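Asks: Below are the sequence and a predicted model; questions follow.
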Amino acid sequence: DAKTTQPPSMDCAEGRAANLPCNHSTISGNEYVYWYRQIHSQGPQYIIHGLKNNETNEMASLIITEDRKSSTLILPHATLRDTAVYYCIVSNTNAGKSTFGDGTTLTVKP
Amino acid sequence: DAGVIQSPRHEVTEMGQEVTLRCKPISGHNSLFWYRQTMMRGLELLIYFNNNVPIDDSGMPEDRFSAKMPNASFSTLKIQPSEPRDSAVYFCASSFWGARERYNEQFFGPGTRLTVL
């Protein structure tokens, strides 16, 4: 699986958009980009995934660059409950395995 | 659905004792994953099963760790003998992987917090 690079931490003001970047320059053609988050003391929670098109769901939007070497997770209106560690994962899901890195700790401030 | 169920939620044991962690995946899911999380090492994949068969156990730290999945609705992770460095939160996750679904959304359980004294 390709390796990902994320900033260790970010702050965001409540009500503003949170944009979390991820670099995955070694991604291959059959690998998906996944985002999970982990709120303190809970198990990780799936947010969104994509292959090459931008994706949106009720939680977030995922923007993947045309060369697929980086992506951005967007939380359009961050709330205090969005404070969590956000993991970007790139995975060849032929066998279902995903490797979690260190993630980005997002702190939403009032 | 109740989601992924793990038991116990907390376990405190003494070094040398056997520890068994249990997981019930979401009904209909055919892949199951065991992870360990510590401050030092983050979230590590220990082993995963597909259709009850272990596919990759390269993350299992040593022979003291073993995992089984006797049927589609139950899995165990056993540590024997346990050591203080095994103290961590152990997560179980499940997903559905199919020939058409070329992606893999994992659903995590609440975790078991293990403390080995």
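Replies: Thanks, I have it. Since the structure is predicted, the reported quantities are computational estimates derived from the model, not experimental observations.
Asks: low pLDDT regions in the chain?
Replies: No chain was given, so I picked chain A. Low-confidence regions of chain A, defined by pLDDT under 70, span residues A:1-2, A:93-97.
Asks: Chain B was what I was after
Replies: In the predicted model, chain B carries pLDDT under 70 at residues B:1, B:99-103.
Asks: What residue in it comes nearest to chain A?
Replies: For chain B, the residue positioned closest to chain A under C-beta to the nearest C-beta is B:Phe108, at a distance of 3.1 Å. (Each C-beta comes from the backbone N, C-alpha and C, glycine too.)
Asks: give me phi/psi at the residue nearest to that residue when sequence neighbours are not counted?
Replies: Sequence neighbours aside, A:Gly43 is the residue nearest to B:Phe108 in space, at 3.1 Å (criterion: C-beta to C-beta, 6 or more residues apart in numbering or on different chains). A:Gly43 has phi and psi values of phi -70, psi 150 when expressed as degrees, to the nearest 10.
Asks: quick one: contacts for A:Gly43?
Replies: Neighbouring residues of A:Gly43 by C-beta atoms under 8 Å, 6 or more residues apart in numbering or on different chains: B:Val4, B:Phe91, B:Ala93, B:Phe108, B:Gly109, B:Pro110, B:Gly111.
Asks: now do A:Glu66
Replies: Counting by C-beta under 8 Å, 6+ apart, A:Glu66 has no contacts.
Asks: One more pass at 10 Å, please.
Replies: Contacts for A:Glu66 were tallied using C-beta atoms under 10 Å, 6 or more residues apart in numbering or on different chains; they are A:Lys52.
Asks: roughly how far apart are it and chain B?
Replies: Taking C-beta to the nearest C-beta, to the nearest Å as the measure, A:Glu66 and chain B are separated by 20 Å.
Asks: returning to that earlier point: tally up the residues packed near the residue of chain B closest to chain A, please.
Replies: For B:Phe108, the tally of surrounding residues (other C-beta atoms under 10 Å in any protein chain shown) stands at 23.
Asks: All good on my end, thank you.
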